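Asker: What follows is a predicted protein model with its sequence.
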Amino acid sequence: MIATETAKTVISILFGLAVLWIIIIIVKNDMETIIRALVVAAILGGALYLVNRPGASVDGKISYTSVKEYLFPVPEREYPFTRYEGTSGGRPSTSWVFQDPGPPLSTVMMEGGKHMAIKDLRTVNNVLKLLGLPPVSEGVPELASITGRTLDADQYRWDDYERGVLLIERGLCRDMLTAQTFPCISTVRLTLR
C-alpha cells in the first residue's frame, strides 16, 4: 500500500514526461514511435484519472486490492437464508444456512493439491455485510489442512474474528437458471467467546 498523494505525484510526473516525449517526437518529426508514446501517455492518464477518483483508495492509501475492488466490484445480491440460535460447547452460537444457490465462494488450491484456501475475501465480506457482521481481514486455509481430520474438510475458521469464532462451510451449489455448478457458502456460524 502506498499513500494516495504519493501515487498522484509519481503518476503526474510520469504523465508529464510522457507528454514531453510526445512533444519531442512531434518536433523531431519521428512518427515511428508516436504510437508507443501515445499508448504510454494514455495508460498514465488513465491511472491518474483513477487515482483522483473518490473510492479508489482506502483510508488515504491505494493498493492493488483497492483498485481491483473499485474497477471490478462484486455485485451485491440478496441470498435467502435461515438463522438458527443455539449453543456450541456451552457458548452461544448463531448459524445462517443459505438456500441453494448460495453465495459463490472463491477458493484456490493449496500446495500439495489436497486442500483449498480462501484468498479473495470480497465475496466472504459481502456475505458478512449481508448478515450484519464485520468483515474479515485475511484469508484462511481449509480447516482440515490444519487439524488433519477429514471431518474438517470444506470448513474455514477464523479464530481471531472480532466477535468470536467464525466458521464458514463450503458447499456445492447448482444454479438451475444458468445450469452452473460452483463452490458456495452453505453455512456461516458465529460462536461467541
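Answerer: Arrived safely.
Asker: confidence score at G16?
Answerer: Note for G16: predicted pLDDT of 90.
Asker: Give the burial count for it, as a bare number.
Answerer: Neighbour count of G16, defined by other CB atoms under 10 Å: 12. Glycine gets a C-beta too; all of them are placed from N, C-alpha and C.
Asker: does V97 really touch Y79, like I thought?
Answerer: No: taking contacts as CB atoms under 8 Å, V97 lies outside contact range of Y79: 10.8 Å.
Asker: And the host helix or strand of L20, what does it pack against?
Answerer: Using DSSP states H and E, L20 sits within helix 4-28. If contacts are counted by 3 or more CB pairs under 8 Å, 6 or more residues apart in numbering; DSSP states H and E, helix 4-28 sits against helix 34-52, strand 61-62.
Asker: From E69, how far out is the residue nearest to the spatial centre of the chain?
Answerer: In the chain, the C-alpha nearest the mean C-alpha coordinate belongs to R122, at 3.3 Å (CA atoms, centre = their mean). According to CB to CB, to the nearest Å, R122 and E69 sit 6 Å apart.
Asker: what's the domain layout of the chain?
Answerer: Following automatic domain parsing, the chain resolves into domains at 2-71, 81-191.
Asker: For E169, which residues are in contact?
Answerer: By CB atoms under 8 Å, 6 or more residues apart in numbering, the contact list for E169 reads 154-156, 185-189.
Asker: Kindly report the same for Q155.
Answerer: The contact partners of Q155, by CB under 8 Å, 6+ apart, come to 142-144, 167-170.
Asker: Would you state the helices of the protein in chain order?
Answerer: With DSSP state H as the criterion, the chain has helices at 4-28, 34-52, 64-71, 122-131, 143-147.
Asker: okay if I get the ones you listed as a markdown table plus distance to P104?
Answerer: Output for those, formatted as a markdown table (distance: least, CB to CB, whole Å):
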| stretch | distance to P104 |
| --- | --- |
| helix 4-28 | 31 |
| helix 34-52 | 26 |
| helix 64-71 | 16 |
| helix 122-131 | 6 |
| helix 143-147 | 20 |
